[in-house]
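1. give me a 3D structure for the following:
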Amino acid sequence: MAEMVGKPSVIKLLNKDVVEGIIRSNGPITKPEIAKRSQLSLVTVNKTVAILIQEEKVRVSGASESTGGRRAQFFEINNESNFYIGLYYYKNHYIGAISDSIGELIYEQEFPTRVDIYEEVMEDTYAALDSLIEKCGDHKIKAIGIGVPGVVKEGTITNIPNIPSWEGKDISGILSDKYLLPVLLENDINLTTLGIYNTEYQNNKVRNMALIYLDQGIGSGFIINQSLFKGSSNFAGELSYIPVKQYFPIKGKVTRYTGNFETQISLISEAIEQSSGLSEQELYKDMLIRTIIEGLLSVICVLNPEIIVMKHSCLTEHDCRKIERELANWVDESNVPSIINAADLSKSSIQGVIRMCIRESTSSYSLSNKKRG
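-> Numbering: from 1, shown residues only. Got it, this is the predicted structure:
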C-alpha cells in the first residue's frame, strides 16, 4: 500500500477505507490479522473497526474457540449496509442488477433499450435505473456502474458504433448530476474480463489472463499482474485494428486479403453461416482458426498470459485444443496459454460491473499509524 501524509481527519477516513477493504476481501477476519495485512497499528485497527461497526458497515461474525484466554472476534462486512446498481448493455437491451455490499447479486432484470436517438436512449437508461433504485428500497446505494461497448475515458465515451448517439458524451457526469451518486462507466469487454477473472481465476492464483471476444465485433480485455490493464489512453485490447494478410479461396478463386483482424473475422464468419455444404463449412472454419491464431500470436508475444478465454459462436472445445497445438508450432509450448472456450458471458459481464463498483469504492492507501521497524 502507498503511504501518504495528510490531515488527521483525512488520514482517519482513508484508514477506515483500507480496513473496510481488507475485511471485505478477507473476512471473517480478526483484528490482529487486519493489522498485519494493513501494516496499521493494532490500536488504530481497534478504533477503526469500532467506527465501522457503529456505522453498520462491519459486524461481528463469530469468535474463535477458547484456549483458556479471551476469544478472538472475527469481523465481516455487513452485506446489507450498501447496495450497488449495475447496467450492462448487450444487443439492444440492458442487463440490470442489484448487489449487496459483498457483491452478491440479489436482483436481476433485463430492460429494452433504443440506441439511435440520444433522447430515447437516455429515456430508456433513466427508466432502467429508476426501476432498480426503487427495488433497493431504503438501502443506501453506494455507486452505479455501467458497461458500454466503447472506449471510456474520464466518463466520456468514444468509438461506440452500437450506441452512436452517445459518441463524445460525458454520460457519467450526466447521470451523476441526475442521481447524485457516483456513476462509473467502463468498456463492456473490460468489465466482462474483470468478472471472469474475479469469479473463475483469481482464487486459482492466475496472475495474467486475456479475454478475446469475436462475436458481433471484436473486443478483448487483459488482466496483467492481477489488475485490469487498459493502456495509456484506454485503447488496450482493440485487436480489431491488427493488420492481417492472407491468401484464401473465395468461390473457387484464391484471393489475397489485406485488411484488419475484425474485418477478416467478420467475412469468414459470414462465409461459414452461408456455406452450402459440410466441406465448404470446414474450409472456412479452418480459415477462421488460422486467422484467430494470427491474432493470438500478437497477444501471446506481447503479454504472455497464462489463460486466454475465447468467445466465438463457431468454436468448440476441439477447436481450442487445435489452436493450442498450432500455437506451439510458432512459440515454445511452455509459452502457449490454456485456451478456454466460453459459452455464456452474461453472468460474468454484470459481475464485472459490480466488481468495478466495489473496487472503485475501496481505497488502496494506508495513511497513518503504520507499524515501524
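2. let me see the ranges of the helices in this structure.
-> 8-26, 31-38, 42-54, 118-135, 171-179, 188-196, 261-274, 278-303, 317-327, 346-360 (DSSP state H).
3. list the buried residues of the fifth one.
-> Neighbour counts over helix 171-179 (16 or more other C-beta atoms under 10 Å) mark 171-172, 175-176, 179 as buried. The way it works is simple: take the backbone N, C-alpha and C, and place the C-beta from them, glycine included.
4. before we move on, the earlier item: need the winner for burial among the helices of the chain.
-> The highest mean neighbour count among these, using mean count of other C-beta atoms under 10 Å, belongs to helix 188-196: a mean of 27.
5. can you name every helix or strand that it contacts?
-> Packed against helix 188-196 by the contact rule (3 or more C-beta pairs under 8 Å, 6 or more residues apart in numbering; DSSP states H and E) you find strand 82-89, strand 140-148, strand 209-213, strand 219-224, strand 227-229, helix 346-360.
6. and the shortest one, which strands flank it?
-> Applying DSSP bridges to the sheet, strand 227-229 is found paired with strand 219-224 (antiparallel).
7. now stretch 270-287: mean pLDDT?
-> Stretch 270-287 shows an average pLDDT of 86 in the prediction.
8. please apply the same query to stretch 150-170.
-> Mean predicted confidence for stretch 150-170 is 91.
9. listing request: residues of this protein with sub-threshold pLDDT.
-> 1-10, 63-70, 245-258, 362-373 (pLDDT under 70).
10. thinking again about what came up before, and the buried residues of helix 171-179, which is closest to Leu283?
-> Ile171 (43.8 Å; C-beta to C-beta).
11. hang on, that closest one packs against Leu185?
-> Yes: using C-beta atoms under 8 Å, Ile171 is in contact with Leu185, at 6.1 Å.
12. who touches both of the two?
-> Listed as contacting both Ile171 and Leu185 by C-beta atoms under 8 Å, 6 or more residues apart in numbering are 146, 148, 155, 157.
13. turn those residues into CSV, columns for neighbour count and distance to Gly103.
-> Below are the shared contacts of Ile171 and Leu185 laid out as CSV (neighbours: other C-beta atoms under 10 Å; distance: C-beta to C-beta, whole Å):
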residue, neighbour count, distance to Gly103
Ile146, 28, 17
Val148, 20, 21
Gly155, 16, 23
Ile157, 22, 25
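14. re the thing from before, can you list the helices and strands packed on helix 188-196 in JSON lines and add distance to Pro164?
-> Formatted as JSON lines, the helices and strands packed on helix 188-196 follow (distance: least, C-beta to C-beta, whole Å):
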{"stretch": "strand 82-89", "distance to Pro164": "13"}
{"stretch": "strand 140-148", "distance to Pro164": "12"}
{"stretch": "strand 209-213", "distance to Pro164": "20"}
{"stretch": "strand 219-224", "distance to Pro164": "17"}
{"stretch": "strand 227-229", "distance to Pro164": "26"}
{"stretch": "helix 346-360", "distance to Pro164": "21"}
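15. and Gly277, which of the ones you listed is closest to it?
-> Using C-beta to C-beta, the helices and strands packed on helix 188-196 put strand 209-213 closest to Gly277, at 28.8 Å.
16. neighbouring strands of the closest one in the sheet, and parallel or not?
-> Partners of strand 209-213, by DSSP bridges, with direction: strand 219-224 (antiparallel), strand 307-311 (parallel).
17. dump those strands into a markdown table; add mean neighbour count as well.
-> Formatted as a markdown table, those follow (neighbours: other C-beta atoms under 10 Å):
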| stretch | mean neighbour count |
| --- | --- |
| strand 219-224 | 23 |
| strand 307-311 | 22 |
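18. okay, these in JSON lines with distance to Ile189 next?
-> What follows is the strands paired with strand 209-213, written out as JSON lines (distance: least, C-beta to C-beta, whole Å):
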{"stretch": "strand 219-224", "distance to Ile189": "4"}
{"stretch": "strand 307-311", "distance to Ile189": "10"}
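19. understood, closing this out.
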